[in-house]
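Novice: what follows is a predicted structure for the sequence shown.
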Amino acid sequence: MSEFRSKCYKELIKVPKGKVTTYSELAKAVGTKAVRAVGTAMAKNEKLIEIPCHRVVKSDGSIGQYASGQAKKIELLLEEGVPVENGKVANFKEFLHLF
DNA sequence: CATCTGACACAGA
DNA sequence: GTCTGTGCCAGAT
């Protein structure tokens, strides 16, 4: 577990249920410009339960990828009250959580 | 709309 | 210790 990853997770768990954030915002929150590095950290995530990576979407509201499958990610989001249409979060900016 | 480039952590050689 | 390829991407072209 590296510092970097810990930060990513720490920031991520600040996102309340029913809201989402973007890889960009998350990257800024942890102090890096490499949103891809954040993605990598998430991909290596082992605590799929503790770390709600499904609350992280791309900058345009697209769902992006997910370790357990995009479909699963969408399900979880809907489950938390985040509307998803055609693989994208509807009005995602209204559900976007800024740090 | 399809690509390319940028930025960076991390695992494997 | 360095090099290379890869990754739940963004922004520009």
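Specialist: Thanks, I have it.
Novice: now the most centrally placed residue in chain A, what are its backbone angles?
Specialist: Geometric centre of chain A, nearest residue: A:Val56, 1.3 Å, by C-alpha atoms, centre = their mean. Backbone torsions for A:Val56, taken as degrees, to the nearest 10, come to phi -110, psi 120.
Novice: was I right about it contacting A:Asn45?
Specialist: No: between A:Val56 and A:Asn45 there is no contact under C-beta atoms under 8 Å: 10.5 Å. Using the backbone N, CA and C atoms, a C-beta is placed for each residue, glycine as well.
Novice: just say helix, strand or coil for A:Thr21.
Specialist: Under the three-state scheme (DSSP: H, G, I helix; E, B strand; the rest coil), A:Thr21 adopts strand.
Novice: and it, how many neighbours?
Specialist: Look at A:Thr21: counted by other C-beta atoms under 10 Å, it has 22 neighbours.
Novice: what's near enough to touch it?
Specialist: A:Leu12, A:Val15, A:Arg55, A:Val56, A:Val57, A:Leu96, A:His97, A:Leu98, A:Phe99 (C-beta atoms under 8 Å, 6 or more residues apart in numbering).
Novice: rerun at 6 Å
Specialist: A:Val15, A:Val56, A:His97 (C-beta atoms under 6 Å, 6 or more residues apart in numbering).
Novice: okay, the second one: pLDDT?
Specialist: Right, A:Val56. Here, the pLDDT recorded for A:Val56 equals 94.
Novice: near DNA strand B, which residues of chain A are found?
Specialist: Chain A comes close to DNA strand B at residues A:Ser2, A:Phe4, A:Arg5, A:Thr32, A:Lys33, A:Ala34, A:Val35, A:Arg36, A:Ala37, A:Thr40, A:Ala41, A:Lys44, as judged by C-beta under 7 Å from any atom of the strand.
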